[in-house]
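Participant: this is a predicted model, with the sequence first.
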Amino acid sequence: MMFKRWMWILGMLCPLLACATETPIKPFSWRYGTGSNIDKTTNTKTEFYRGGELVYADRLAGGGAGGLLADRIKGHRYYWAGGGGLPTDGVPIPDKAVIEMVSLYDRKRYRIKVNLPADLEQQMRQVYAVEGRYDRRNRLYFGLAPGGYFEVVLTGGGLRLSPDLLLTRGIAEEVTDDWRDKKYPIGTSQYVVTIRNFDKEYGELFKQYPVPLGMDWAPIMDSYRAKQPKTDIKPIN
């Protein structure tokens, strides 16, 4: 009798324990990031718009190229990396973005100006079950490659949703109306020390292992996405 009673208790406890260990769905929020796949970038402007109105703006948040850049140049391993932006708590999901980044490789300031998908909010809010946990594709990432090539992709918040979703891509416009660049040209006075250090560390590697430029990046990044593992996910709402 005692054994049966313990079995009954365990039978009651197991579902409760399973529920207790199940990860709850986090309140919705969205994020953004900027960076490069083989360059080092500095984010100098971020602006998000909704219905023609500016809903968010910051400077100097994001950018970079992640770690082990020398190894990635040698191995022709091109993937988007970089830093996250500032918190966007309470900011409406945008329908337009203007991102400006300085490319150390190109010695140029680029402007990525894009209209975002009409259903972006729906895509971001969609919850997926992933190996017993929950996640959303709620992170906008703006990647800039040498030659001005850019992609805007939607990624998973906890890095468990794969592959990334490509939203748009193209060639960023070179910024020619920035007063700082007119007074302090990039590479000769503005960013001169940063670029000198960049050349010292990676200049010879780029000569030995040339990288693509402009739209030549498109098939390469498509190939990278195709090789990303496809997560077994299930929409739950």
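Facilitator: Structure's in. What do you need? Numbering: from 1, shown residues only.
Participant: find the residue at the geometric middle of the protein.
Facilitator: residue 141 (2.8 Å; Cα atoms, centre = their mean).
Participant: packing partners for the host helix or strand of that one?
Facilitator: Using DSSP states H and E, residue 141 maps to strand 139-144. Where contact means 3 or more Cβ pairs under 8 Å, 6 or more residues apart in numbering; DSSP states H and E, strand 139-144 is packed against strand 31-36, strand 96-103, strand 108-115, strand 149-155. The way it works is simple: take the backbone N, C-alpha and C, and place the C-beta from them, glycine included.
Participant: next, the buried residues of stretch 201-211.
Facilitator: For stretch 201-211, the neighbour count (16 or more other Cβ atoms under 10 Å) marks 202, 206, 211 as buried.
Participant: output those residues as JSON lines; include the columns distance to residue 183, secondary structure and pLDDT.
Facilitator: Formatted as JSON lines, these follow (distance: Cβ to Cβ, whole Å; DSSP: H, G, I helix; E, B strand; the rest coil; pLDDT from 0 to 100):
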{"residue": "202", "distance to residue 183": "28", "secondary structure": "helix", "pLDDT": "96"}
{"residue": "206", "distance to residue 183": "29", "secondary structure": "helix", "pLDDT": "97"}
{"residue": "211", "distance to residue 183": "30", "secondary structure": "coil", "pLDDT": "96"}
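Participant: give me the below-cutoff pLDDT ranges for the protein.
Facilitator: Low-confidence regions of the chain, defined by pLDDT under 70, span residues 1-23, 157-160, 237.
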